[in-house]
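1. Quick one, fold the following:
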Amino acid sequence: MVKEVRPEWNINSIIGFILSFFPVLCFGGLYFCILALKQIDKVEKRGKILAIIGLVIACFVSMETILMTIALLSSLIQANSIASA
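-> Numbering: from 1, shown residues only. Have a look, this model is predicted:
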């Protein structure tokens, strides 16, 4: 019986996937997923799908983080202008 040897996982794809779920850390997840995709193309390792999914999630979460920051800042500016008037 021959045991099939599977390539090991790319650690950057795992880190990027995990970081992509957290609002502030999603930018790090974006970086690690891109880095993992570049490494997987050069060296035969597992985790390409994980890196792609992490990349998509990180893009959505980063957009949400940016929009929420803009909304928070605009509401703070508006509240400050109302309070000073």
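2. From residue 1, how far out is the spatially closest residue to residue 53 that is not a sequence neighbour?
-> Using C-beta to C-beta, 6 or more residues apart in numbering and skipping the chain neighbours, the partner closest in space to residue 53 is residue 17 (6.6 Å). C-beta: built from backbone N, CA, C; applies to glycine. To residue 1, residue 17 is 33 Å away according to C-beta to C-beta, to the nearest Å.
3. Between those two, which has more neighbouring residues?
-> residue 17 (23 against 2; other C-beta atoms under 10 Å).
4. surely the more buried one meets residue 48?
-> No. Applying C-beta atoms under 8 Å, one finds residue 17 not in contact with residue 48, separated by 11.6 Å.
5. so what's the residue nearest to residue 53 up against?
-> 29, 33, 50, 51, 53, 54, 57 (C-beta atoms under 8 Å, 6 or more residues apart in numbering).
6. what about the helix or strand that contains residue 56, distance to the chain center?
-> Assessed by DSSP states H and E, residue 56 sits inside helix 48-84. Helix 48-84 sits 13 Å away from the centroid of its parent chain (C-alpha atoms, centre = their mean, to the nearest Å).
7. Check stretch 31-47 too.
-> That offset, for stretch 31-47, works out to 14 Å (C-alpha atoms, centre = their mean).
8. Next, count neighbours for residue 58.
-> Burial of residue 58 is recorded as 26 neighbouring residues (other C-beta under 10 Å).
9. Could you do the one 10 residues further on as well?
-> As a burial measure, residue 68 scores 11 neighbours (other C-beta under 10 Å).
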